[in-house]
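>>> one predicted model, sequence on top.
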Amino acid sequence: MKVGLIRCMQTEDMCPATTDFKVMREKKLAFKDVEGEIEVIGVVSCGGCPGKKAATRAAEMVRRGADTIALASCITKGNPIGFACPHAEQMKAAIRKKIGDSIQLIDYTH
């Protein structure tokens, strides 16, 4: 699996994504059923509210080899601040439209 990780720009200054990387490395939570190696192709932010840059950034990571786009839990679950992105569903829909159905989209990490 080659993963492109998209995280919330609002939380990137307080979260270094260590838990995202840990669950990938240890194949836990969202990655528990992954067989084979997990390679991180890139890590980007959504670009800030309302996340309009996420789809273009996801497409660029796919162009660079990602076969999976994962939205970090800061977007969909609100980790670590306890406030999920109010634009998460729109962002997921825009990403799916841009990258198509052949690319896996994971909507959380941990």
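Ah, there it is.

>>> all contacts plus neighbour counts: C-alpha atoms, from now on.
Will do.

>>> which residues are in contact with residue 59?
With contacts taken as Cα atoms under 8 Å, 6 or more residues apart in numbering, residue 59 has the following neighbours: 95, 98-99.

>>> so which of those are in helices?
Among these, DSSP state H puts 95, 98-99 in helices.

>>> and of these, the nearest to residue 1?
residue 99 (16.1 Å; Cα to Cα).

>>> got a pLDDT number for that closest one?
Per-residue confidence (pLDDT) for residue 99: 97.

>>> ok, now the one 3 residues further on?
Looking at residue 102, its pLDDT reads 96.

>>> so what's the residue count around it?
9 (other Cα atoms under 10 Å).

>>> can you confirm it is in a helix?
No: applying DSSP: H, G, I helix; E, B strand; the rest coil, one finds residue 102 to be coil, outside a helix.

>>> tell me the pLDDT at the residue nearest the centre of the chain?
Nearest residue to the geometric centre of the chain (Cα atoms, centre = their mean): residue 71, 2.3 Å. Reading off the confidence values, residue 71 has pLDDT 98.

>>> who's in contact with it?
Residues near residue 71 by Cα under 8 Å, 6+ apart: 5-7, 105-109.

>>> and it, what are its bridge partners?
Taking DSSP bridges as the rule, residue 71 bridges to residue 6.

>>> not counting stretch 47-58 itself, show me its contacts.
Defining contact as Cα under 8 Å, 6+ apart, one finds that stretch 47-58 is touched by 4, 6, 8-10, 44-46, 69, 87, 91, 94-96, 98-99.

>>> tell me which two of these sit farthest apart.
Counting by Cα to Cα, the most remote pair of the contacts of stretch 47-58 is 10 and 99, 24.0 Å apart.

>>> higher neighbour count, these two?
The residue with more neighbours, out of residue 10 and residue 99, is residue 99; 22 against 17, by other Cα under 10 Å.

>>> leaving out sequence neighbours, find the closest residue to that one.
Nearest non-adjacent residue to residue 99, counting by Cα to Cα, 6 or more residues apart in numbering: residue 59, 5.7 Å away.
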